[in-house]
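Visitor: quick one: sequence and predicted model below, then my questions.
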Amino acid sequence: MKPTLTIRITVKERLSERLAAALDGMTLRRSGGATELFGEVVDHAQLHGLLTRIRDLGLELESVNVLSAHDAKESLHDHH
């Protein structure tokens, strides 16, 4: 099985659940006027596809981070 990358993408807008569903089932956390999207991608091609979708939806990208295994566990734990 190919290892996955856990990513955190931050956009400046507060996304609705419906809009987030268009982003490959990413988990979202709203904070202030921004939304953080967490999830796993299988490769950089899938990550670039997500970034293209964000662009096509007219969302303003703030940051993209590939998380270490430790950071990914903590970030995903914060959502539960």
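Guide: Arrived safely.
Visitor: so S63 touches V11, yeah?
Guide: No. Contact criterion Cβ atoms under 8 Å: S63 and V11 do not qualify, at 9.0 Å. From N, CA and C alone the C-beta is placed, and that goes for glycine too.
Visitor: these two - which one has more neighbours?
Guide: V11 (23 against 10; other Cβ atoms under 10 Å).
Visitor: that one: what's it in contact with?
Guide: Shown in contact with V11 (Cβ atoms under 8 Å, 6 or more residues apart in numbering): A34, T35, L37, I54, L59, E60, L61, E62.
Visitor: mind checking which of those land in helices?
Guide: Mapping the contacts of V11 onto helices (DSSP state H) picks out I54.
Visitor: can you redo the contacts of V11 as JSON lines with pLDDT?
Guide: Formatted as JSON lines, these follow (pLDDT from 0 to 100):
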{"residue": "A34", "pLDDT": "93"}
{"residue": "T35", "pLDDT": "92"}
{"residue": "L37", "pLDDT": "91"}
{"residue": "I54", "pLDDT": "91"}
{"residue": "L59", "pLDDT": "91"}
{"residue": "E60", "pLDDT": "93"}
{"residue": "L61", "pLDDT": "94"}
{"residue": "E62", "pLDDT": "95"}
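Visitor: could you flag which of the contacts of V11 are buried?
Guide: A34, T35, L37, I54, L59 (16 or more other Cβ atoms under 10 Å).
Visitor: avg pLDDT for stretch 8-28?
Guide: Rounded to a whole number, the mean pLDDT of stretch 8-28 is 84.
Visitor: buried residues in it?
Guide: Buried-residue list, stretch 8-28, by 16+ other Cβ under 10 Å: R8, I9, T10, V11, L15, A20, L23, M26, T27, L28.
Visitor: of those, closest to L67?
Guide: Lowest distance from L67 to these (Cβ to Cβ) belongs to R8, with 5.9 Å.
Visitor: E40: neighbouring residues, count only.
Guide: Using other Cβ under 10 Å, E40 has 17 neighbouring residues.
Visitor: who's in contact with it?
Guide: By Cβ under 8 Å, 6+ apart, E40 lies in contact with T4, L5, T6, I7.
Visitor: shouldn't the last one be in contact with L47?
Guide: Yes. Under the contact definition of Cβ under 8 Å, I7 touches L47, with a separation of 6.3 Å.
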